[in-house]
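Peer 1: sequence and predicted structure, then a few things I'm wondering about:
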Amino acid sequence: LKTNSIRSEATAVSSDNVETLEGVDWDNFGFGLRPTDAMYVMKCEHDGHWGKGELKPFGNLELSPSAAVLNYGQGLFEGMKAYRTVDGRILLFRPEENALRMINGADRLSMPALPVDAFVNAVKQTVIANKRWIPPPGKGSLYIRPLLIGSGAVLGLAPAPEYTFLIYVSPVGNYFKGGLAPIDLKVDNYYHRAAPGGTGGVKTIGNYAPVLKTQLLAKGKGYSDVLYLDAVENKYVEEVSSCNIFIIKDGRIHTPELRGTILPGITRKSIIELARNLKYEVEERPVSVDELLEADEVFCTGTAVVVNPVGSVTYNDKRVKYKNAGLGGVAQELYTALTDIQTGKAEDRLNWVVQV
Ligand code: COI
């Protein structure tokens, strides 16, 4: 693996000091794809060795119709963000955690993964090459989407003979329509996102298409998204289509423990640590739907979502509104604590940010 050559390429690109693009309406980005300048591509051929990664103009890929990712879903993705600080730096948040999660997911899907250093270097290069697309401070972030796919052709069910690691980026604003306003969740009591022994705990692409049906139905009825229950007892809260969930009762914070069916969110993990540092008691344990309905405050966490308060949940036609949703709640406090670190406003005492 040519980690050293990747490092020197990154240094070469970083000498280019292009500022943010002018003439872009940075105030009106939602969470949609905006094609940018460059994407990163690295291939792992038959011999199991990763070749030299390169930056290419953002564009379509050429794949065999029988690529393993297209036929059998052999693919993983990650989500990360780069922020521009007021003093002109560009920061990543815990990028090595995404690399480690991809290594874990690759093992589950029988794929070769990039070592942590190579992953982080590739992310840095891609961010630098798209630097002008990083929104100005306070106007959003550059969303980074690393992908690892079985790009080689297969017909019988087997691991692909070739893999491609890709990174593309897009400037983004808030994930949910309505910005950081409290969202309305529908608890699904029929469909499940993941089952024990399945792949709910890794970021495989296959976890996401199955939630579209319920998500579309819920959105059609005015909900923001769907909250899933466990597949065994249909009783414990697991996660929302695109984010983890936390509940607060009597000042204590609770979040479903990771049992292989819930995505180990990096924002989830960071919020647990920040909340404990702010002297909250945080428990990771099974959280029942009854506890959800009796909570004082509920919020979601994720890279795309950041920390978003939940205004209401609806379960079996029972709708519960949370009085503490929004400004002044614990979610707001944790949102500020997290984003101040991510955007370089607060001192990075936990050593979480990595300057590009
Ligand atoms: C993220 O938060 O980065 C995710 O991967 C969720 C995605 C469905 C937008």
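Peer 2: It's in.
Peer 1: so the residue nearest to L350 when sequence neighbours are not counted, which state does it fall into?
Peer 2: Sequence neighbours aside, E273 is the residue nearest to L350 in space, at 7.0 Å (criterion: C-beta to C-beta, 6 or more residues apart in numbering). To be clear about C-beta, it is placed using only N, CA and C from the backbone, and glycine gets the same treatment. Using DSSP: H, G, I helix; E, B strand; the rest coil, the three-state assignment for E273 comes out as helix.
Peer 1: tell me the confidence at E273?
Peer 2: E273 carries a pLDDT score of 98 in this model.
Peer 1: ok, now V116?
Peer 2: Here the pLDDT value assigned to V116 is 97.
Peer 1: again with S14
Peer 2: S14 is assigned a predicted lDDT (pLDDT) of 39.
Peer 1: go on, L1?
Peer 2: Per-residue confidence (pLDDT) for L1: 31.
Peer 1: over to Q215: give its phi and psi.
Peer 2: Listed backbone geometry of Q215 is phi -60, psi -40, with angles given as degrees, to the nearest 10.
Peer 1: from V24, how far out is it?
Peer 2: Using C-beta to C-beta, to the nearest Å, Q215 is found at 29 Å from V24.
Peer 1: ok, these two, which is more surrounded?
Peer 2: With neighbours defined as other C-beta atoms under 10 Å, Q215 and V24 compare such that Q215 has more, 20 against 16.
Peer 1: in contact with the closest residue to the ligand within the chain: list those residues for me.
Peer 2: With C-beta to the nearest ligand atom as the measure, the residue in the chain that lies nearest the ligand is G79; the distance is 2.0 Å. By C-beta atoms under 8 Å, 6 or more residues apart in numbering, the residues touching G79 are 98, 143-145, 203, 302-304.
Peer 1: if you set the cut-off to 10 Å instead, what comes out?
Peer 2: Under the criterion of C-beta atoms under 10 Å, 6 or more residues apart in numbering, the neighbours of G79 are 98, 143-146, 203, 242, 265-267, 302-305.
Peer 1: swap in P309?
Peer 2: Applying C-beta under 10 Å, 6+ apart as the definition, the contact partners of P309 turn out to be 180-183, 297-300, 322, 324-327, 329-332, 335.
Peer 1: check G105 too.
Peer 2: Taking C-beta under 10 Å, 6+ apart, we find G105 in contact with 75-78, 111, 113, 148, 199, 201-204, 263.
Peer 1: the residue nearest to A38 when sequence neighbours are not counted: neighbour count?
Peer 2: In space, and not counting its chain neighbours, A38 is closest to A129: 3.9 Å by C-beta to C-beta, 6+ apart. Using other C-beta under 10 Å, A129 has 26 other residues around it.
Peer 1: just the pLDDT for A129.
Peer 2: Looking at A129, its pLDDT is 97.
Peer 1: just to check, it is in contact with V169?
Peer 2: Yes - because the distance of 8.8 Å satisfies C-beta atoms under 10 Å, A129 is recorded as touching V169.
Peer 1: okay, and the common contacts of the two?
Peer 2: Contacts common to A129 and V169, judged by C-beta under 10 Å, 6+ apart, are 36-40, 58.
Peer 1: and of those residues, the nearest to D348?
Peer 2: Taking C-beta to C-beta as the measure, Y40 is the one of these closest to D348, at 25.6 Å.
Peer 1: which SSE is that closest one in?
Peer 2: Taking DSSP states H and E as the definition, Y40 sits inside strand 38-44.
Peer 1: what packs against that strand?
Peer 2: helix 3-14, strand 54-57, helix 116-129, strand 141-150, strand 163-172 (3 or more C-beta pairs under 10 Å, 6 or more residues apart in numbering; DSSP states H and E).
Peer 1: of these, which is nearest I248?
Peer 2: Proximity to I248 (C-beta to C-beta) singles out strand 141-150 among those, at 26.2 Å.
Peer 1: which elements pack onto that closest one?
Peer 2: Counting by 3+ C-beta pairs under 10 Å, 6+ apart, the elements that strand 141-150 packs against turn out to be strand 38-44, helix 68-72, strand 75-77, strand 80-84, strand 90-93, helix 95-108, helix 116-129, strand 163-172.
Peer 1: for T339, which of those is the nearest?
Peer 2: Distances from T339 to each of the helices and strands packed on strand 141-150 were compared using C-beta to C-beta; the shortest belongs to strand 80-84, at 8.4 Å.
Peer 1: the closest one: how far from the chain's middle?
Peer 2: Distance, stretch centre to chain centre, for strand 80-84: 12 Å (C-alpha atoms, centre = their mean, to the nearest Å).
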